[in-house]
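Peer 1: turn this into a structure:
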Amino acid sequence: MQEVVRFLNENSTGFLATAEEGKPKVRPFQFMLEDDGKLYFCTANTKDVFKQLKVNPFVEFSASTPQFAWIRLSGEVKFSNDLGIKEKILERSALVKSIYQTADNPVFEAFYIEHGTAVIADFSGQPPKVVEF
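Peer 2: Predicted coordinates for the structure are as follows:
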């Protein structure tokens, strides 16, 4: 799991894929943090992505390095009302703090991927690394 977290911390901006009425929806997204083995992201409950995740909680997130190594996370989203996690996200991201201001903002939603798989791969010819989390 350490390699997954290191990769995500060094390459936190990627793309999150959801589904809406069976059609894929992909948008830029940012990994926020790891806490107790859970990989956290955040959004607003006013956005389409939140509504899509409520209907179909299965996602994939992918990010890459400038050297063309990549990670793909897949699993099921679980929302968290843990104010401590939201505080950690606000401390980590000035952008998120500028949007939501406080952890108790009723629009601010934190979520993590559960029953997940991380695949780290590149063009080296070596087999991908697979981590279940």
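
Peer 1: next, count neighbours for the nearest residue to D82 once chain neighbours are set aside.
Peer 2: Excluding its sequence neighbours, the residue lying closest to D82 (C-beta to C-beta, 6 or more residues apart in numbering) is A110, at 7.0 Å. Bear in mind the C-beta positions are built from the backbone N, C-alpha and C, glycine included. A110: 24 surrounding residues under other C-beta atoms under 10 Å.

Peer 1: and what of Q52?
Peer 2: Look at Q52: counted by other C-beta under 10 Å, it has 19 neighbours.

Peer 1: check contacts around it.
Peer 2: Counting by C-beta atoms under 8 Å, 6 or more residues apart in numbering, Q52 touches T18, A19, E20, K25.

Peer 1: that one belongs to a helix, doesn't it?
Peer 2: Yes - the assignment for Q52 by DSSP: H, G, I helix; E, B strand; the rest coil puts it in a helix.
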